[in-house]
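just to be clear, the model below is a prediction. Sequence and coordinates:
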Amino acid sequence: MKRYPRSDEWLNAFVDNEFPAKERAKILKQIHMDAEKKSTACALSHLKDQVKTAYQDIPPHQSFQPRKKFHIWQAVAASVLMLFVLGGAYLGVDSITQQRMVILDPTGSGQQLATQNENEMRIVFHVSQTSRLKGTELLDDIEHLLLQYQQGGKRIRVEVVAHAQGLDLLRQSLSVDKERITAMSIKYPDLTFVACLNTIERLKREQGIDVVLIDEVLSARSGVAHVVKRQQQGWIYIQV
């Protein structure tokens, strides 16, 4: 594996999402194994957040149109860094965030907290809206992450929980990624896709739609409750 120097330059580039997905996965593993890098990366991330907050109320120039780009890896990196600092403790969320979230743990398989002292990383992705580009990029990043941990002999468990408009990602009739979701579910036993039953029943009740899920997709009574439970169990939470 390529080793990066101990200077802050490459950590700055990592926090700014300037590396390609495969390279970011390798860097993430290095940060995981180095306490000094964890601390430095977290400090850089916090500083950048402070700068962003300080300038957020300044209106952009009229000729400037900010680009909207989906960066799952930025969310993964920031969440993992914060988890390292907190030692796997419960990641606090505000009441608005809690209202968006759900419960799914029929087997009790997520009872142990995912901390930096374990060999297993646990991440739950919360998908409440999606598009062709966003869904495909999400799967790209998840697969890169799974491959890196698999190749390094490390354990990682990932859940993708979808509700509301995000359910389209997991529907037979609407998902443009259904074949890939099936293939990934078979290839990676520690990857689980979960659909919200409340959303499915609402579509039937309000629009007369009989939702058919991709075969490998599991379901939970509430999509918002599984995610909250996972956070309480120490899983890293990332909203898509």
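It's in. Numbers count the residues shown, from 1 in each chain.

contacts, neighbours, all on C-alpha from now
Noted.

which parts of this structure are helices?
Secondary structure of the chain (DSSP state H): helices at 8-15, 21-33, 35-55, 72-86, 95-99, 132-151, 178-187, 197-207, 223-232.

if you average pLDDT over each of these, which is lowest?
Of all the helices of the chain, helix 95-99 carries the lowest average pLDDT, namely a mean of 33.

pLDDT wise, what is the closest residue to L167 other than its chain neighbours at?
With C-alpha to C-alpha, 6 or more residues apart in numbering as the measure, A195 is the residue that lies nearest to L167, at 6.5 Å, once sequence neighbours are left out. Turning to A195, the model gives it a pLDDT of 97.

before we move on, what about N117?
N117 is assigned a pLDDT of 40 by the prediction.

tally of neighbours for the residue nearest to L167?
Burial of A195 is recorded as 28 neighbouring residues (other C-alpha atoms under 10 Å).

if it is in a bridge, with which residues?
Under DSSP bridges, the beta-bridge partners of A195 are A162, S219.

ok, it touching L218?
Yes: under the contact definition of C-alpha atoms under 8 Å, A195 touches L218, with a separation of 6.2 Å.

ok, I123 touching Q239?
No: in terms of C-alpha under 8 Å, I123 does not count as a neighbour of Q239; the distance is 10.8 Å.

so for the two, which sits in the more crowded spot?
Counted by other C-alpha under 10 Å, I123 and Q239 do not tie: I123 has more neighbours, with 23 against 18.

how close does Y237 get to R180?
Distance of Y237 to R180, given as C-alpha to C-alpha, to the nearest Å: 23 Å.

these two - which one has more neighbours?
In terms of neighbours (other C-alpha under 10 Å), Y237 is the more surrounded of Y237 and R180; the figures are 22 against 13.

from F125, how far out is that one?
The gap separating Y237 from F125 is 6 Å, by C-alpha to C-alpha.

ok, T199 next?
From T199 across to F125, the span is 17 Å (C-alpha to C-alpha).

one more: V160?
Distance, V160 to F125, using C-alpha to C-alpha: 5 Å.

try V194
As judged by C-alpha to C-alpha, V194 and F125 stand 10 Å apart.

which neighbours do these two share?
Jointly contacting V194 and F125 under the rule C-alpha atoms under 8 Å, 6 or more residues apart in numbering are 159-161.

so which of those is surrounded by the most neighbours?
Comparing the shared contacts of V194 and F125 by number of neighbours (other C-alpha under 10 Å), V161 comes first, having 33 neighbours.

mind pulling up the pLDDT for that one?
pLDDT, V161: 96.

ok now do it, which residues does it touch?
Contact criterion C-alpha under 8 Å, 6+ apart gives 124-127, 193-196, 223, 226-227 as the residues in contact with V161.

change it to 10 Å
With contacts taken as C-alpha atoms under 10 Å, 6 or more residues apart in numbering, V161 has the following neighbours: 101-104, 124-128, 167, 170, 192-196, 217-220, 222-224, 226-227, 239-240.

try T182
Remark: with contacts taken as C-alpha under 10 Å, 6+ apart, T182 is in contact with 193, 214-217.

Produce a ChimeraX select command limited to the buried residues of those.
Selecting just the buried residues from these in ChimeraX takes one command, with 16 or more other C-alpha atoms under 10 Å as the test:
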select :193,214,216,217
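
which ones among the contacts of T182 lie within strands?
Using DSSP state E, the members of these that fall in strands are F193.

and which of the contacts of T182 is nearest to Q232?
Within the contacts of T182, proximity to Q232 (C-alpha to C-alpha) peaks at F193, which comes in at 19.5 Å.

isn't Q150 up against I156?
Yes: counting by C-alpha atoms under 10 Å, Q150 touches I156, with 8.0 Å between them.

who has more neighbours out of the two?
In this comparison of Q150 against I156, neighbours counted by other C-alpha under 10 Å, the higher total goes to I156 at 19 against 13.
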